[in-house]
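# sequence and predicted structure are below.
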Amino acid sequence: MKSASIKNLRKSLGISLTDFAAVLGLTGANAADTIRHLENGKQQPSGPILRVLTYLTQAVDIDAAAPTVATPARLLPKWSLCRALKPQGGVAEYLMHNEWPRFYALAASHLTSTELDWLDAAKIPVLPLDAELNLGHLVVLFIDPPAVDTSAVLNEAIRLTETQARATQTK
């Protein structure tokens, strides 16, 4: 994402440098300066920040009933369903949790035992999905390292993934 696009995105949202930094998960005394550097091209966004910037422009709210948080930085829905082109063609859908701890998750229908072992060794959560939906597993990649028990939010991710799959299958 180009620096001018970052500045245009922030301005289109009508928020301050500080609030935009909070949306991107930046904290500390230099958070607004980091946004200035991103906007003027002195600094390139890191992978997690680039992903959130991309989702800010592409996110689709998939759970309108989710509770909201009343803060100026609350610009994204709690959950987003994001789409990206696959290198081999087609579209991949990623579930994004936009509140702390932020993460994205991908349903992986065919993981080998070697891949499951590798993910386990890397401490990447892999959650089983409803076998009748042929989704396999939900692979969860945290943007923010979780400091609390995440079981409730991960169960919600499973519910949303399975609900989305059921809705897609009935179309």
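Looks like it came in fine.
# from now on I want contacts and neighbour counts done on CA atoms only, so please keep to that.
Fine.
# Three-state assignment for E115, please.
helix (DSSP: H, G, I helix; E, B strand; the rest coil).
# ranking helices and strands of the protein by mean pLDDT, which lands last?
Every helix and strand in the chain was compared by mean pLDDT, DSSP states H and E; the lowest is strand 60-61, with a mean of 41.
# tell me the mean pLDDT over the helix or strand following it?
As assigned by DSSP states H and E, the chain's next helix or strand after strand 60-61 is strand 79-85. With pLDDT averaged residue by residue, strand 79-85 scores 75.
# check stretch 150-161 too.
If you average the pLDDT values across stretch 150-161, you get 93.
# what's next to that stretch, contact-wise?
The contact list for stretch 150-161 (C-alpha atoms under 8 Å, 6 or more residues apart in numbering) reads 63, 95, 105, 107, 127, 129, 138.
# so what's the fourth one closest to, chain neighbours aside?
Read it as A107. Counting by C-alpha to C-alpha, 6 or more residues apart in numbering, A107 lies nearest to L138, which is 4.4 Å off, once chain neighbours are set aside.
# the lengthiest helix in the chain versus strand 79-85: what angle between them?
Across the chain, the longest stretch assigned as helix under DSSP state H is helix 151-169. If you take axes from the mean of the first three to the mean of the last three C-alpha atoms, to 10 degrees, helix 151-169 sits at 60 degrees to strand 79-85.
# just how off-centre is helix 151-169 within its chain?
Centroid separation for helix 151-169 versus its chain: 14 Å, with C-alpha atoms, centre = their mean, to the nearest Å.
# what's the answer for stretch 149-169, then?
Taking the mean of its C-alpha atoms, stretch 149-169 sits 14 Å from the chain's own mean (C-alpha atoms, centre = their mean).
# ok, back up a step: what is the most widely separated pair among the contacts of stretch 150-161?
Farthest-apart pair in the contacts of stretch 150-161 is D63 and L127; separation 20.4 Å (C-alpha to C-alpha).
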